[in-house]
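> starting from these lines, generate the structure:
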Amino acid sequence: MINHSSDYETALEEQFVIANPVIRQDKISKQIHEIEENNHWIIPQDADLLEEVVNLVEYPTVFVGNFAENYLSLPSEVLITSMKEHQRYFEVLDQKGQLLNHFVSVRNGNSDYIDNVRKGNEKVLQARLEDGEFFYEEDLKLSIDDYVQKLKSVTFHEKIGSMYEKMQRVAVISELIGSSVGLSKEEMTDLRRASEIYKFDLVTLMVDEFPELQGIIGEKYATLKGESVGVAQAIREHYLPKSSDGELPESNVGAVLAIADKSDTLLSFFAVGLMPKGSNDPYALRRQAYGIIRIIESKGWDFPIIRLQQQMKELINEDIERFGLSIETDEEVLTEFIKGRMKQWFSGKQIRHDIIEAVLESRQENLHTMFETADILVNHASENDFRPTIESLTRVINLSNKAEDKEVGKINPELFENDSEKKLYEAIMSVSEKVGDLTLNELYEELRHLNPLIESYFEDTMVMVDDQAIRENRLNQLKMIANIALSFASLDRLIVK
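Next comes the predicted model:
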């Protein structure tokens, strides 16, 4: 009988129920740590697994089980997955980080009859490991090319085609991207081979049993079959990142293959009208696009997205029969979709919303320069001359929009009526001559240095005069400045008041 609410937890514990999950977790962690200390082992406490176990038991008692040493010949990932994902066991490592033939589990209850519990768990795990050993031995009987041929009968999507056809498209796309980002000759060789086989493990028995090992088993089997380290690593890394903040590919080959695979997925799904609508995104296309952005940002690669999309489409459409799909995606639609993910990335970095708009609505199409432009604006936003610079350039952009002809016409210096017009003209002509050779930082500095000249120009000059020739001449000069400014960012989107 419970006389007071404060006695509730104590009463439950007397009946082998610990109500507080924090206490249960603490008991599990302490018991695992004690086992580590007594045996000089390392027992990684995976946070997700620990949380799951805490919520599976009411009164935790940690124990150690064993399995036959011969199973250690299997890839460690197979053993760990069998223990962790299927049985909720913690793996055990030696001091060098090598897997041992032990596991740690948590029973629900006290230590009574713990030997029977241990034996039961060992028996269940042995059956799992026997299956893994069988799959492993059977898988190695076939060649990688045998598995690649099997992919012809594996459907990627009923409206798009087979997994084999997808790999054919990705091979072409990855060659284009690899050349664009400047991979070395050796890296290009590895990329070509990886793109020919990178999905082969999807039809292995091991991945059929353990889908979470796709890519990981591909890397293991590729290594065993004599593929280079670069090829094997790329097979695993092309799945990365697996979440919005997940691990990114480390190797350049893996990064390019990941971008190519994700780009093909976006192009093909958009081509058959299966783009996300509202919050509905059954094929995780937003995650695919976000992954491309994160990889490019981490590598610092130039990625002119519209031009590359056009080239991808042209290459694929040259041989529709081999690739299984005609790509007719509207580049602007897909680019806006990717820019939406760029906005998400910038927002996650706590960048001001007006800076995000200025960058994404600029005339830039290179994702890398968008990242760089945002950094420049963030770094300069606190400077004293940032506000007057942006205000002057915004005035130029707004006035230039009043011109009927949006193209820059010929500027006639003979129509200038004051020194301010002449000085601004000389300065902007100097900038326009070297703008293609300037870094983004240098371009911002050039625009900043125009500010006093622009202010003087507006003090001395009325742009919208009645004389048509003079008015158009002045608008043309402003349009030239505006075009250079907009090639950097849509500065008129910035809020500086």
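
> could you say which helix or strand holds residue 484?
helix 468-488 (DSSP states H and E).

> can I get that helix in CSV, CA atoms only?
Extracted in CSV, the C-alpha atoms of helix 468-488 (Å, rounded to 0.1, in the frame of the first residue of the first chain):
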residue,chain,number,x,y,z
GLN,A,468,15.4,61.6,-74.1
ALA,A,469,19.0,61.2,-75.3
ILE,A,470,20.5,62.4,-72.0
ARG,A,471,18.0,60.4,-69.9
GLU,A,472,18.8,57.2,-71.8
ASN,A,473,22.5,57.9,-71.6
ARG,A,474,22.3,58.3,-67.9
LEU,A,475,20.1,55.2,-67.5
ASN,A,476,22.5,53.1,-69.5
GLN,A,477,25.3,54.2,-67.2
LEU,A,478,23.2,53.2,-64.2
LYS,A,479,22.3,49.9,-65.8
MET,A,480,26.0,49.1,-66.3
ILE,A,481,26.6,49.6,-62.6
ALA,A,482,23.4,47.7,-61.6
ASN,A,483,24.4,44.7,-63.8
ILE,A,484,27.8,44.5,-62.1
ALA,A,485,26.2,44.8,-58.7
LEU,A,486,23.6,42.2,-59.4
SER,A,487,26.2,39.7,-60.7
PHE,A,488,27.5,39.8,-57.1
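
> for it, packing partners?
In terms of contacts (3 or more CB pairs under 8 Å, 6 or more residues apart in numbering; DSSP states H and E), helix 468-488 is packed against helix 386-400, helix 419-434, helix 440-449. To be clear about C-beta, it is placed using only N, CA and C from the backbone, and glycine gets the same treatment.

> as JSON lines, the ones you listed with distance to residue 40 would be great.
Formatted as JSON lines, the helices and strands packed on helix 468-488 follow (distance: least, CB to CB, whole Å):
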{"stretch": "helix 386-400", "distance to residue 40": "59"}
{"stretch": "helix 419-434", "distance to residue 40": "66"}
{"stretch": "helix 440-449", "distance to residue 40": "54"}
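
> could you single out the most deeply buried of those?
For the helices and strands packed on helix 468-488, average neighbour numbers computed from mean count of other CB atoms under 10 Å are highest in helix 386-400, which has a mean of 20.

> counting neighbours, what do you get for residue 32?
21 (other CB atoms under 10 Å).

> residues contacting the closest residue to it other than its chain neighbours?
Excluding its sequence neighbours, the residue lying closest to residue 32 (CB to CB, 6 or more residues apart in numbering) is residue 43, at 5.2 Å. By CB atoms under 8 Å, 6 or more residues apart in numbering, the contact set of residue 43 is 32, 35-36, 90-93, 104.

> of these, closest to residue 438?
residue 93 (53.4 Å; CB to CB).

> wait, isn't that closest one in contact with residue 45?
No: using CB atoms under 8 Å, residue 93 makes no contact with residue 45, being 12.0 Å away.

> got JSON lines for the contacts of residue 43, with secondary structure, distance to residue 84 and pLDDT too?
Below are those laid out as JSON lines (DSSP: H, G, I helix; E, B strand; the rest coil; distance: CB to CB, whole Å; pLDDT from 0 to 100):
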{"residue": "32", "secondary structure": "helix", "distance to residue 84": "14", "pLDDT": "97"}
{"residue": "35", "secondary structure": "helix", "distance to residue 84": "17", "pLDDT": "97"}
{"residue": "36", "secondary structure": "helix", "distance to residue 84": "17", "pLDDT": "96"}
{"residue": "90", "secondary structure": "strand", "distance to residue 84": "7", "pLDDT": "97"}
{"residue": "91", "secondary structure": "strand", "distance to residue 84": "7", "pLDDT": "97"}
{"residue": "92", "secondary structure": "strand", "distance to residue 84": "12", "pLDDT": "97"}
{"residue": "93", "secondary structure": "strand", "distance to residue 84": "13", "pLDDT": "97"}
{"residue": "104", "secondary structure": "strand", "distance to residue 84": "11", "pLDDT": "97"}
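
> closest one of the residues you listed to residue 159?
So of the contacts of residue 43, ranked by how close each gets to residue 159 (CB to CB), first place is residue 91, at 41.7 Å.
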